[in-house]
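Trainee: Provide a 3D model corresponding to the input given below.
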Amino acid sequence: MKLNELRDNPGATKSRKRIGRGPGSGTGKTGGRGIKGQKSRSGVAIKGYEGGQMPLYQRLPKRGFNSRNRKSFAVVNLGLLQKFIDEKKIDAKKDITEDVLVASGLVRRVKDGVRILAKGEISAKVNLSVTGASKGAIEAVEKAGGKLTVTTAAAAE
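Mentor: Residues are numbered from 1 along each chain as shown. Just a heads-up that it's a prediction; the model follows:
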């Protein structure tokens, strides 16, 4: 077999339908749109229309609210932090900042900051400095003999 002998399997490729190209094409004249009516015309946009029935998007209840200027934090659980310390990817003796967490690969990108959550156990004595932390996480770090500093007061709920 040579490169010039390569062919697709029979029926694998299909030529596109050329609409409105004369009666011999099978889709001439009205071009597969039928006769008259709104859908036969150009510029039709009736996506949510249900023939006069109340559309689904109007029948369903509207709930909730999304703030346009909400903050999005990169989340780190204490258990994962301890795992990275055990694997020597993070040095517990030095101060751990958001930059250290990114460099170690624990956090991909900082977004609006890093927030520490209390899921998992931490046994290492660490000195953390992050944008936000849960109360449980702060207690767990201090219980292990470390210190967790929250850089912005608004982020610590």
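Trainee: which regions of the chain sit below the pLDDT cut-off?
Mentor: 152-157 (pLDDT under 70).
Trainee: can you give me the helices for this protein?
Mentor: Counting by DSSP state H, the chain has helices at residues 56-59, 78-86, 98-104, 135-143.
Trainee: what helices or strands is the third one leaning on?
Mentor: If I follow you right, that is helix 98-104. On a contact count with 3 or more C-beta pairs under 8 Å, 6 or more residues apart in numbering; DSSP states H and E, helix 98-104 meets strand 127-130. C-beta here means a position set from N, CA and C on the backbone, and glycine is covered the same way.
Trainee: hmm, who's touching the strand it packs on?
Mentor: 76, 94-98, 101, 113-116, 141, 146-151 (C-beta atoms under 8 Å, 6 or more residues apart in numbering).
Trainee: could you redo the last one with a cut-off of 10 Å?
Mentor: Contact partners of strand 127-130, identified using C-beta atoms under 10 Å, 6 or more residues apart in numbering, comprise 73-74, 76, 78, 81, 92-101, 107, 110, 113-116, 122, 137-138, 141, 146-152, 155-156.
Trainee: tally of neighbours for the closest residue to K89 other than its chain neighbours?
Mentor: Spatial nearest neighbour of K89, excluding adjacent residues (C-beta to C-beta, 6 or more residues apart in numbering): S104 at 4.6 Å. Other residues near S104 come to 17 when the count uses other C-beta atoms under 10 Å.
Trainee: thought S104 was touching I90?
Mentor: Yes. Using C-beta atoms under 10 Å, S104 is in contact with I90, at 4.9 Å.
Trainee: shared neighbours of the two, anything?
Mentor: The contact lists of S104 and I90 share L81, F84, I96, where a contact means C-beta under 10 Å, 6+ apart.
Trainee: among these, which ones are buried?
Mentor: L81, F84, I96 (16 or more other C-beta atoms under 10 Å).
Trainee: Save those as TSV, and put in distance to R7 too.
Mentor: Listed next are the buried ones among the shared contacts of S104 and I90 as TSV, based on distance: C-beta to C-beta, whole Å:
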residue	distance to R7
L81	57
F84	54
I96	61
